[in-house]
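> No letters, just coordinates:
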């Protein structure tokens, strides 16, 4: 991936992932989703439920007054791990010339979503990040990994698009040393020495 400025692509992808988490994983939207006991497989609420997989809670009053502290911790730590994984995956791909910015950004959220769900599951100790029951198992860990990766597969195209845009902008501008950067022409060849030209 010839991006010219890897930090620009990493930053853009990480910010895009953060915006997705803030927009669809906030506690107020998640509250409305939880109130829909059966949102329906073909409804918009079902899609929002998937997009809200990495959710977070900062205010435990009202609807969340019975939410244990370990759940709040699990959500916030999970979001932090998601952003770190996204940044690391994109950063690793920028060091490889054959990597595609769009695919790398998309895959970064697949890995980040899986990491979020696994971390939240291990901290909370429930079968998923929205329940309060205790109990951890290999089957449960694999299940939440699948759900988190599914979230990334659904929403990762947005991160991939932002990464591709950042990479193409850095290349096209030329100021970051990309493949379209300007280089001055070579100097002209030196002429014959003064004083009569060539001698044989």
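Looks like it arrived, so ask away. Here the structure is a predicted model, which is why all the values come from computation and not from measurement. Numbering: from 1, shown residues only.
> After the helix or strand bottoming out on mean pLDDT in the chain, which helix or strand is next?
In the chain, no helix or strand scores lower on mean pLDDT, DSSP states H and E than helix 44-51, which sits at a mean of 84. Toward the C-terminus, helix 44-51 is succeeded by helix 69-94 as the next helix or strand (DSSP states H and E).
> can you tell me the average pLDDT over that following helix?
Helix 69-94 shows a mean pLDDT of 94.
> going forward, begin numbering at 19 instead of 1
Got it, first residue is 19 now, which makes that one helix 87-112.
> Could you tell me which residues within it count as buried?
By 16 or more other Cβ atoms under 10 Å, the buried positions in helix 87-112 come out as 89-90, 92-93, 95-97, 99-101, 103-109, 111-112. Placement of C-beta: from N, CA and C, glycine included.
> name the helices or strands packed onto it?
Under the contact definition 3 or more Cβ pairs under 8 Å, 6 or more residues apart in numbering; DSSP states H and E, helix 87-112 sits against helix 24-42, helix 119-142.
> Any idea which of those helices gets closest to residue 180?
helix 24-42 (4.0 Å; Cβ to Cβ).
> Show residues contacting the closest one.
For helix 24-42, the external contacting residues (Cβ atoms under 8 Å, 6 or more residues apart in numbering) are 19, 21, 66, 69-70, 72-74, 97, 100-101, 104-105, 108-109, 112-113, 119, 123, 126-127, 130, 173, 176-177, 180-181, 183-185, 187-188, 194.
> Just give me how far the next helix or strand along the chain from it sits from the chain centre.
Where DSSP H and E defines the elements, the next helix or strand beyond helix 24-42 is helix 45-53. Here the centre of helix 45-53 is set off from its chain's centre by 23 Å, with Cα atoms, centre = their mean, to the nearest Å.
> and the angle from helix 45-53 to helix 62-69?
The directions of helix 45-53 and helix 62-69 differ by 120 degrees, with axes from the mean of the first three to the mean of the last three Cα atoms, to 10 degrees as the criterion.
> where in this structure is pLDDT low?
Counting by pLDDT under 70, the chain contains low-confidence residues at 19-22, 55-60, 115-117, 144-153, 188-203, 206, 208-218.
> again, 80 this time
Applying pLDDT under 80 to the chain flags the ranges 19-23, 54-64, 114-117, 143-154, 188-218.
> before we move on, back to that, looking at the helices and strands packed on helix 87-112, which is nearest to residue 162?
Of all those, helix 119-142 comes closest under Cβ to Cβ, at 4.1 Å.
> Counting by contacts, list what that closest one packs against.
Helix 119-142 packs on helix 24-42, helix 87-112, helix 156-191, going by 3+ Cβ pairs under 8 Å, 6+ apart.
> If you count neighbours, what's buried in that helix?
119-120, 122-139, 141-142.
> circling back: in TSV: the helices and strands packed on helix 87-112, plus distance to residue 51.
Shown next, in TSV, are the helices and strands packed on helix 87-112 (distance: least, Cβ to Cβ, whole Å):
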stretch	distance to residue 51
helix 24-42	10
helix 119-142	16
